[in-house]
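Have a look at this fold, sequence not included:
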């Protein structure tokens, strides 16, 4: 019985997905019913995740590990799903007849990512990654009008299967070299073999599948087109929840090598620098807000890698904290996108003109979100960057931190363009006041509070992140 409790959150999300499978097969669309059903199920799922956060144990012949590390990330995933569903009351970007399938795929994808963060076997990781990826491919395709969604979904699929093929080849190299596919067995063998080129190449190729999820260079090409082509709520989910899962599995895989893989560290340093630089420079010239946020995600993938490549308790803890920060900041930015573009259209930066008069609360939330993404105090984003950079400095990566700081300065330009549009630009024609429901005002206010409070008083969250990271050692 105890083993089933360990698998409780996954069973719950599986049953929720089955429920929406039945609703979709019934063929009687009812958007309001589907929304409230999904909202209640996601809220209960978040409580289930919180209730099991201290669970520990192994399942399925030790291929599945439940510990504080995995459970913290599962809570973040359940939070991400709940927040995204909160934005779906007016799901104009997806045809009403496909709403049950939309929620079905969201729950299936969340289930797959929860399985991904607990998997400690290469094959179970691969299956969970593919299940989450294929769910997202279809979600992108569901965009109303199909032209944008079809193109974006196809690009997402092609880059995804390429990354998966490369990852499988890397897994084969690892298995052929160390004769192990279990993470715990690899931890006993790999630290002594990290100077062998074939081991480093196999590990890097294995990580490619997770680089794709995180939009790390050179697997970042899908991000701008998919962010722009997907429905706004789907883009929100890709920018938040899927990034959390990618960070979790990257941390677990890199932690397998111990602290002595200098070749792997050098490769990750190179990828971090290129991702930060490409993301920030490309974002400067963007007019479409979702494309800008896509390039911002590529840059933040580089910042996350700085924490991971430190290969220390502080570095892994910083990356976990950064995952929470990204979840909150990116969601807040997309909340504004979804609310302003309430008809499901794409939003350009110029469309934010006059936002401070149309909705002072949304304008303030957007300003804090982009300030956090830029790393300006006293936001949660500043604390996240400080932790990541400090961990890298302790490991002697001064030049890397200096390059990262230059990239932070570059990013200030395009983030300030967003704030300028919201507060200083005047719309070409008079626009009505944005009608925001009381629950959405409460949610926006709570996010503002979290971004500021976690930036000023981050102690408990930092300790939780370090406790989760300690499980890996």
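Everything's here; your move. Please read all numbers here as calculations on a predicted model, not as lab measurements.

correct me, but residue 170 touches residue 203?
Yes. Contact criterion CB atoms under 8 Å: residue 170 and residue 203 qualify, at 6.9 Å. C-beta coordinates here come from the backbone N, C-alpha and C atoms, glycine included.

which one of those two has more residues nearby?
Taking neighbours as other CB atoms under 10 Å, residue 170 and residue 203 compare with residue 203 leading, 26 against 20.

So that one lies in a helix, does it not?
Yes. Under DSSP: H, G, I helix; E, B strand; the rest coil, residue 203 falls within a helix.

Pull the number of nearby residues for the residue lying closest to residue 241 once chain neighbours are set aside.
In this structure, residue 241 finds its nearest non-sequential neighbour in residue 80, 3.4 Å apart by CB to CB, 6 or more residues apart in numbering. Using other CB under 10 Å, residue 80 is surrounded by 27 other residues.

ditto for residue 433
Neighbour count for residue 433, taken as other CB under 10 Å: 8.

my guess is it is in a helix, correct?
No. Membership of residue 433 in a helix is not supported by three-state DSSP, which gives coil.

Which pLDDT value goes with it?
At residue 433, the predicted lDDT confidence score is 76.

My guess is residue 152 contacts residue 224. True?
No. Applying CB under 8 Å, one finds residue 152 not in contact with residue 224, separated by 9.5 Å.

does the residue nearest to residue 241 sit in a helix or strand, and which one?
Element membership for residue 80, per DSSP states H and E: helix 68-86.

where's that helix relative to the chain centroid, distance-wise?
Helix 68-86 has its average C-alpha position 10 Å from the chain's average C-alpha position, going by CA atoms, centre = their mean, to the nearest Å.

Next SSE downstream of it?
Downstream of helix 68-86, the next assigned helix or strand under DSSP H and E is helix 99-118.

Stretch 287-299: which residues count as buried?
The neighbour-count check on stretch 287-299 (16 or more other CB atoms under 10 Å) flags 288, 289, 290, 291, 292, 293, 294, 295, 296, 297, 298, 299 as buried.

again with stretch 418-427
418, 419, 421, 422, 423, 425.

Show me those residues that map onto strands.
Here DSSP state E is the test, and those give no hits in strands at all.

which SS state does residue 62 fall under?
coil.

Start the count at 38 instead of 1 going forward.
Okay, using 38 as the starting number, the last item reads as residue 99.

For it, give me its contacts.
Counting by CB atoms under 8 Å, 6 or more residues apart in numbering, residue 99 makes contact with 157, 158, 219, 221.

hmm, try it at 10 Å
Counting by CB atoms under 10 Å, 6 or more residues apart in numbering, residue 99 touches 157, 158, 219, 220, 221, 222.

Got phi/psi on it?
phi 70, psi 20 (degrees, to the nearest 10).

and the gap between it and residue 155?
Residue 99 is 12 Å from residue 155, where distance means CB to CB, to the nearest Å.

Could you pull up the residues touching the closest residue to residue 393 other than its chain neighbours?
Counting by CB to CB, 6+ apart, residue 400 is the residue found nearest to residue 393 once chain neighbours are left out, at 4.1 Å. Residue 400 sits next to 373, 389, 391, 392, 393, 394, 456, 458, 459, 460, 471 when contact means CB under 10 Å, 6+ apart.

pLDDT weak spots in the protein?
In the predicted model of the chain, residues 38-41, 181-186, 229, 296-298, 510 satisfy pLDDT under 70.

Can you list the buried residues in the lengthiest helix in it?
Taking DSSP state H as the criterion, the chain has its longest helix at helix 184-215. Residues of helix 184-215 classed as buried: 185-186, 188-194, 196-197, 200-201, 203-205, 207-208, 210-212, 214-215 (neighbour count, 16+ other CB under 10 Å).

Likewise for stretch 228-245?
Judged by neighbour count using 16+ other CB under 10 Å, the buried positions of stretch 228-245 are 230, 231, 236, 237, 238, 239, 240, 241, 242, 243, 244, 245.

tilt between the host helix or strand of residue 506 and helix 105-123?
Here residue 506, judged by DSSP H and E, is contained in helix 496-507. Our comparison of helix 496-507 with helix 105-123, counting by axes from the mean of the first three to the mean of the last three CA atoms, to 10 degrees, yields an angle of 120 degrees.

Which other helices and strands does helix 496-507 contact?
Packing contacts for helix 496-507, counted by 3 or more CB pairs under 10 Å, 6 or more residues apart in numbering; DSSP states H and E, involve helix 105-123, helix 269-292, helix 350-377, helix 417-431, helix 475-493.

with the buried residues of stretch 455-464 in mind, which one is nearest to residue 269?
Closest approach between the buried residues of stretch 455-464 and residue 269, by CB to CB: residue 455, at 16.1 Å.

Contact partners for that closest one?
Counting by CB under 10 Å, 6+ apart, residue 455 has contacts 326, 329-330, 370, 373, 386, 389, 392, 403-404, 406-408, 410-411.

Mind picking the two most distant members of these?
Among the contacts of residue 455, 392 and 411 lie farthest apart (CB to CB), at 18.1 Å.

ok, those two, which is more surrounded?
Using other CB under 10 Å as the criterion, residue 392 and residue 411 rank with residue 392 on top: 26 against 23.

ok, the more buried one - contacts?
Shown in contact with residue 392 (CB under 10 Å, 6+ apart): 373, 376-377, 399-401, 403-404, 455-456, 458-460, 462, 464, 468, 471.

which residue ends up closest to the midpoint of the protein in space?
Taking CA atoms, centre = their mean, the centroid of the chain lies closest to residue 280, which sits 1.9 Å from it.

quick one: it and residue 97, what's the gap?
Between residue 280 and residue 97 the computed distance is 26 Å (CB to CB).

just residue 394 next, same as before
Counting by CB to CB - residue 394 and residue 97 are separated by 56 Å.
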